[in-house]
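Engineer: Let me see the structure of the following:
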Amino acid sequence: PSQRSIKYSLSLSCTYLYFYFTVKKSEVECLVRLFHSLVERANVRLNNLGLDRNAFGAILHSVFGMTDDMLMNRVFFVFDKDHDNCINVKEWVKGLSVFLRGTFEEKLKFCFEVYYLNGDGYICREEIFDMLKNSLHQQSSEEENDEGIKELVDITLKKMDYDNDGKISFADFEKAVREERLLLEVFGPCLPEAKNCIDFEALAFRHILNSSF
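Structural biologist: Okay, here's the model as predicted:
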């Protein structure tokens, strides 16, 4: 695309996006510029694509310190609201607004969406088993490991499945996390640590002047 079309896209995106998210207008402008820079670096055509799964996963790993491939893949799908297998500029800003400025409620919803892997709105026993197995790297045999994980699944359901239907609904998840905040990322880290967010902001917003927008 031409420089003119990129500048037009940047202006349009910034004007449209900053009304919708918890980041400031000046920060949205920086995120949009960074998005276009990353897309260009990934050799993806700006006019019809954004960041694909590999490019986005590399950002989650190198910038936000995530290492779990399974969870990074799920984070990608939560960012990708229109399910077209790439992150567009609106999805980029919306997802990062949760990472950087998200309220507790927004982060609660985000984590739950990451964890219900089959998209049915519930975290079932099998999904809990797979996520716990993925996050626990024990040096025991697979059979012993599986038995231990099954016990953890039972403990988790006993603690979080308030209506005793054998799966965790959003209402179950919210109630459990509100009672014990450490359960927010109970099935694996899917939000960046505060230090990684601070480092990202220092990089992304370094050109913002200390003025009101």
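
Engineer: so what secondary structure elements neighbour the lengthiest helix in the chain?
Structural biologist: When the chain is parsed with DSSP state H, its longest helix is helix 142-160. With contacts taken as 3 or more C-beta pairs under 8 Å, 6 or more residues apart in numbering; DSSP states H and E, helix 142-160 sits against helix 125-135, helix 170-179. Backbone N, C-alpha and C define where each C-beta goes, glycine included.

Engineer: Pretty sure residue 115 sits against residue 131.
Structural biologist: Yes - assessed by C-beta atoms under 8 Å, residue 115 is found in contact with residue 131 at 6.7 Å.

Engineer: Between helix 170-179 and the longest helix of the chain, find me the angle.
Structural biologist: Helix 142-160 runs at 80 degrees relative to helix 170-179, counting by axes from the mean of the first three to the mean of the last three C-alpha atoms, to 10 degrees.

Engineer: ok, back up a step: need the overlap of contacts for residue 115 and residue 131.
Structural biologist: Common neighbours of residue 115 and residue 131, counting by C-beta atoms under 8 Å, 6 or more residues apart in numbering, are residue 187.

Engineer: could you give the angle of the longest helix of the chain to helix 125-135?
Structural biologist: 120 degrees.

Engineer: Offset the numbering so it begins at 708, please.
Structural biologist: Got it, the first residue is 708 from now on, which makes the last one we talked about helix 849-867.

Engineer: pLDDT averaged over helix 849-867, what's the number?
Structural biologist: Per-residue pLDDT over helix 849-867 has a mean of 86.

Engineer: heading toward the C-terminus, what's the first helix or strand past the least confident helix or strand in the chain by mean pLDDT?
Structural biologist: Lowest by mean pLDDT, DSSP states H and E among the helices and strands of the chain is helix 710-724, with a mean of 46. Where DSSP states H and E defines the elements, the next helix or strand beyond helix 710-724 is helix 732-748.
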